[in-house]
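Predicted model, plus sequence, below.
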Amino acid sequence: MSPPERSPSWTPSVDPTSLAHSEFLPDLGLSREEMESLQRELAAEATFADEIGFTPDDVAIDEAADLSTGLPSPSPEPTGDLDADAPVVVGIDQAFRPEHDEAVSAAVAIRNGRVIEYADAVTPLSIPYVPGLLAFREGEPMLAALEDLAATPDLLVCDGSGRIHFRQAGIATHVGVIRDLPSVGVAKSLLCGEPDEPVAERPEGWSTPVRADDSVERVGTTTGTGAATDSPRTDPPVIGHAYQSRQYPNSRRVNPLYVSPGHRVSSETTVELVAALCAGYKLPEPTRLADAHADRVKRRLDGGE
DNA sequence: GCGACAG
DNA sequence: ATCTTGTCGC
């Protein structure tokens, strides 16, 4: 794993890429407190503002992949004209093999709405799932899948939260900062924070800001000047959005997604990116395809031997 | 002591 | 996340 190119100043006390070889929380060489301070370093290193060389339109996907007949075949070679320099979006997801204590990570690279490459990796799991520390369980597997990928990502779409996190350093932030790539987090449920409005029964396309609550540590530069003229109590910072990516005409029961910046993307742009990447299903296409590929690899392993 | 929590 | 069949509704 290479260090962040754009962040030569960042020198974590412990190499986050070696965590997979550690054991359970108490004795993995990292106490829970150390993991949390590492996340504070990551949050400080992260950029929650747009630093991307493309627009949501550039990555828009208008046709959903048909997964009923298997996954679409990858076409690595540029189809022609406008293909060459189109942004590459990489969706990452995982499947698990509880009986083997292994994670199957999948990365799917998409360009112009078409799959150009599938990548995957099987990684032993070292620690259990702990709310707020998901990245220490699944981060290494995700990075392994990215290592297996030949394509160069322009955007990472991660399964889980980014800035919507107790220390504003969810797994999308971990991966984005470590690889210094724009990344967004897409979660199916809310870890922390408070939506501005109730999220139930919202129409497709609806979104509302999610602001930090008392469980979220404040980090980064202060918005105000600190002068006496500043408002005594400013609104809590927006750390992500609830986004209704899908809704049925009548029986409205689909829950919204909770999207948040991982790195080098603003919360507003994150919503626009996810909206552009959705094509009729609740999950954005990169995530859908990564999920399907992870399941495919898992089945091969379970059947293979 | 209870709550509350991505995958 | 995973263990798992059918079933209600567009």
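That came through, no problem.

Tell me where the model's unsure across the stretch 151-300 of chain A.
For the stretch 151-300 of chain A, applying pLDDT under 70 flags the ranges A:220-233.

What's the local residue count around residue A:37?
Burial of residue A:37 is recorded as 16 neighbouring residues (other CB atoms under 10 Å). C-beta coordinates here come from the backbone N, C-alpha and C atoms, glycine included.

Ok, the one 3 residues further on next?
Here the count is done by other CB under 10 Å, and residue A:40 has 14 residues near it.

ok, it to residue A:168 distance?
For residue A:40, the distance to residue A:168 (CB to CB, to the nearest Å) stands at 9 Å.

One more: residue A:120?
Residue A:120 sits 29 Å away from residue A:168, going by CB to CB.

Comparing the two, which shows the higher neighbour count?
Using other CB under 10 Å as the criterion, residue A:120 and residue A:168 rank with residue A:168 on top: 30 against 23.

Excluding chain neighbours, give the residue nearest to residue A:239 in space.
Spatial nearest neighbour of residue A:239, excluding adjacent residues (CB to CB, 6 or more residues apart in numbering): residue A:163 at 4.6 Å.

isn't the one you found right up against residue A:263?
No: between residue A:163 and residue A:263 there is no contact under CB atoms under 8 Å: 9.2 Å.

Now for the two: what residues contact both?
Counting by CB atoms under 8 Å, 6 or more residues apart in numbering, the common neighbours of residue A:163 and residue A:263 are A:46, A:48, A:173.

host element of the residue nearest the centre of chain A?
By CA atoms, centre = their mean, chain A has its centre lying nearest to residue A:158, at 2.4 Å. Here residue A:158 sits within strand A:155-159, counting by DSSP states H and E.

Tell me the buried residues in that strand?
Using 16 or more other CB atoms under 10 Å as the test for burial, strand A:155-159 gives A:155-159.

contacting residues around the top helix by length along chain A?
Scanning chain A for the longest helix, with DSSP state H as the assignment, gives helix A:285-304. Here helix A:285-304 makes contact (CB under 8 Å, 6+ apart) with A:61, A:64-65, A:67, A:71-72, A:89-97, A:104-108, A:110, A:113, A:115, A:118, A:120, A:122, A:157, A:159, A:186, A:277-279, A:281, A:283.

Of those, select the buried ones using a PyMOL command.
Applying 16+ other CB under 10 Å to the contacts of helix A:285-304, the buried members can be selected in PyMOL as follows:
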select buried, chain A and resi 61+65+71+72+89+90+91+92+93+94+95+96+104+105+106+107+108+110+113+115+118+120+122+157+159+186+277+278+279+283
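
Mark which of the contacts of helix A:285-304 are part of strands, please.
Counting by DSSP state E, the contacts of helix A:285-304 place A:89-97, A:104-108, A:110, A:115, A:118, A:120, A:122, A:157, A:159, A:186 in strands.

How about the contacts made by the residue nearest to residue A:239?
Listed by CB under 8 Å, 6+ apart, the contact set of residue A:163 reads A:46, A:48, A:169-170, A:173, A:185, A:239-240, A:260-262, A:267.

Next to DNA strand B, which bits of chain A? Give me the list.
Residues of chain A lying close to DNA strand B (CB under 7 Å from any atom of the strand) are A:93-94, A:129, A:131-135, A:138, A:159-161, A:165-166, A:170-172, A:185, A:187-192.

go with 6 Å
A:94, A:129, A:131-135, A:159-161, A:165, A:170-171, A:187-189, A:191 (CB under 6 Å from any atom of the strand).

Just the ones of these in strands?
Among the residues of chain A next to DNA strand B, the ones falling in strands (DSSP E) are A:94, A:159, A:187.

from memory the second one sits against residue A:92, does it?
Yes: Residue A:159 sits in contact with residue A:92 when judged by CB under 8 Å, with a separation of 6.5 Å.

Number of residues surrounding residue A:262?
Applying other CB under 10 Å, we find 33 residues neighbouring residue A:262.

Now do it against residue A:210, distance only.
Residue A:262 is 15 Å from residue A:210, where distance means CB to CB.

Please apply the same query to residue A:152.
When distance is defined by CB to CB, residue A:152 is 31 Å away from residue A:210.

Looking at these two, which one has more neighbours?
residue A:210 (29 against 9).

got a list of contacts for the helix or strand that contains the more buried one?
Secondary structure from DSSP H and E places residue A:210 in strand A:207-211. If you take CB under 8 Å, 6+ apart as the criterion, strand A:207-211 is touched by A:164, A:190, A:193-197, A:199, A:235-244, A:256, A:258, A:260, A:267, A:271.
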